[in-house]
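# Structure of the sequence below:
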Amino acid sequence: MKAYIGIDIGSISTKGVIIDGDANILAESYLWTEGDPIGAVKRVLKELEQKKPAGVQVKAVGTTGSARKLIGVVLGAQIVKNEITAHAVGTMSRVPDVRTILEIGGQDSKIILLKDGIVTDYAMNTICAAGTGSFLMSQAKRLGLAIEELGELALKSQSPTRIAARCTVFAESDLVHKAQIGHKKEDIVAGICNAVVNNYLNNVGKGKRVLAPAVFQGGVSKNVGVVRAFEQILGHKVYVDEFGHLMGCLGVAVLAKKSGKEADFDFGVQDISFVTRGRECERCPNNCEIISVYRGEELLDSWGNKCER
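As a prediction, the model looks like this:
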């Protein structure tokens, strides 16, 4: 049976799926990147290989995410796509009539607006961490909680604490102050969830209409406290797919299939040593930062140049 791999390499997590020709997920993997995208992808591939059904032959690979170009070169990917396109395609394969995609990841977030299956507008936030998963992780640690505990604890709150979350630094100091004056832990956690949603809507979704059906995805979509906050603030249901954390890699796997470019994929790539090297080109005033990736001593590709030199 022909199958296709999609890899989404983010700053916090790396995700991978194997799909069949009808975009059904046959195997999945979700691991922490830990600052080593190549190492993370090798671990994802190992897990996918172990989980894939017998008789499956991968015919194409697609990559997306912040390290998509690097990993695309390493894997010899048939297609490399930006996150907006990948998330839109992945979401539409699960919810064909989606109008708004709300996505909150580890260090960035995005909103994608669609009409009749076409992306009409989008926005991304890569500057402030106050509305992202890393903010939730840091606050959970400050409160002595596991990140997985936040959502259920938030649902117990009857009176969420108001947390000033326009800035991560101010949010943290406000959280400490509220705890010191006696606010319950569940109320503080619910307040953090509300703050994440308000920050997202005010910064990423500023000036944009969040129309239903709305799909919430990314790692933070697993936090039921944030899901409830979205529904209360927006005034309508927010759909969370069971594979919401995998929409980017699902989308790029679908695109790899649609590319029509096929070649047998060898999982043995996970055993090959790849090295990246960075340097500054000083041949013109641009001083471009050039990134090169090597397989052993063989140069596979370089990028980062702003001129033809």
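# CA atoms for contacts and neighbours, from now on please.
OK.
# who's in contact with the nearest residue to residue 66 once chain neighbours are set aside?
Leaving aside its sequence neighbours, residue 66 sits nearest to residue 10 (C-alpha to C-alpha, 6 or more residues apart in numbering; 5.4 Å). Residue 10 makes contacts with 33, 65, 66, 67, 106, as judged by C-alpha atoms under 8 Å, 6 or more residues apart in numbering.
# Phi, psi for the fourth one please.
Residue 67 adopts backbone torsions of phi -110, psi 30, taken as degrees, to the nearest 10.
# can you pull the contacts of the closest residue to it other than its chain neighbours?
In this structure, residue 67 finds its nearest non-sequential neighbour in residue 9, 5.5 Å apart by C-alpha to C-alpha, 6+ apart. Counting by C-alpha under 8 Å, 6+ apart, residue 9 touches 15, 33, 37, 41, 63, 64, 65, 66, 67, 68, 71.
# where does the chain have low pLDDT?
126-131, 165-169 (pLDDT under 70).
# where along it do the strands fall?
2-9, 13-19, 25-32, 57-65, 79-80, 100-104, 109-115, 118-125, 214-217, 238-239, 274-280, 289-295, 298-303 (DSSP state E).
# right, so the ones you listed: which one is the most enclosed?
For the strands of the chain, the largest average neighbour count (mean count of other C-alpha atoms under 10 Å) is found in strand 2-9, namely a mean of 28.
# buried set for the longest helix anywhere in the chain?
In the chain, with assignment by DSSP state H, the single longest helix is helix 185-203. Within helix 185-203, the residues scored as buried using 16 or more other C-alpha atoms under 10 Å are 185-201, 203.
# hmm, who's touching that helix?
109, 125, 130-132, 136, 143, 150, 153-166, 175, 178-179, 225-226, 229-230.
# any idea which of the contacts of residue 10 is the one closest to residue 283?
Nearest to residue 283 among the contacts of residue 10, counting by C-alpha to C-alpha, is residue 67 at 26.3 Å.
# Return the residues in contact with the closest one.
The contact partners of residue 67, taken as C-alpha under 8 Å, 6+ apart, are 9, 10, 37.
# Residue 265 now?
Residue 265 neighbours (C-alpha under 8 Å, 6+ apart): 57, 58, 59, 60, 61.
# rerun at 7 Å
Contact analysis of residue 265 by C-alpha atoms under 7 Å, 6 or more residues apart in numbering lists 58, 59, 60.
# same deal with residue 89?
Residue 89 sits next to residue 251 when contact means C-alpha under 7 Å, 6+ apart.
# try 10 Å this time
With contacts taken as C-alpha atoms under 10 Å, 6 or more residues apart in numbering, residue 89 has the following neighbours: 83, 95-96, 117-119, 247-255.
# Filter the residues you listed down to the buried ones.
83, 119, 247, 248, 249, 250, 251, 252, 253, 254, 255.
# Which ChimeraX command selects the buried ones in the contacts of helix 185-203?
A single ChimeraX command selects the buried members of the contacts of helix 185-203 (16+ other C-alpha under 10 Å):
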select :109,125,130,131,132,136,143,150,153,154,155,157,160,161,162,163,164,165,166,175,178,225,226,229,230
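# Report the residue ranges of every domain in this structure.
The chain breaks down into these domains under automatic domain parsing: 2-89+249-272, 96-240, 273-309.
# Straight-line length of the second one, end to end?
Spelled out, it's domain 96-240. 14 Å (C-alpha to C-alpha, to the nearest Å).
# And for the last one?
Counting by C-alpha to C-alpha, you get 28 Å between the two ends of domain 273-309.
# How many residues are close by residue 36?
Using other C-alpha atoms under 10 Å, residue 36 has 12 neighbouring residues.
# quick one: contacts for it?
Residues near residue 36 by C-alpha under 10 Å, 6+ apart: 11, 12, 14.
# same thing but 7 Å
Not one residue lies near residue 36 by C-alpha under 7 Å, 6+ apart.
# Kindly report the same for residue 281.
By C-alpha under 7 Å, 6+ apart, the residues touching residue 281 are 287, 288, 289, 290.
# Of all the strands of the chain, which one is nearest residue 48?
Of all the strands of the chain, strand 25-32 sits nearest to residue 48, with 5.9 Å by C-alpha to C-alpha.
# roughly how far is the closest one from the heart of the chain?
Remark: strand 25-32 is offset 13 Å from the chain centroid, using C-alpha atoms, centre = their mean, to the nearest Å.
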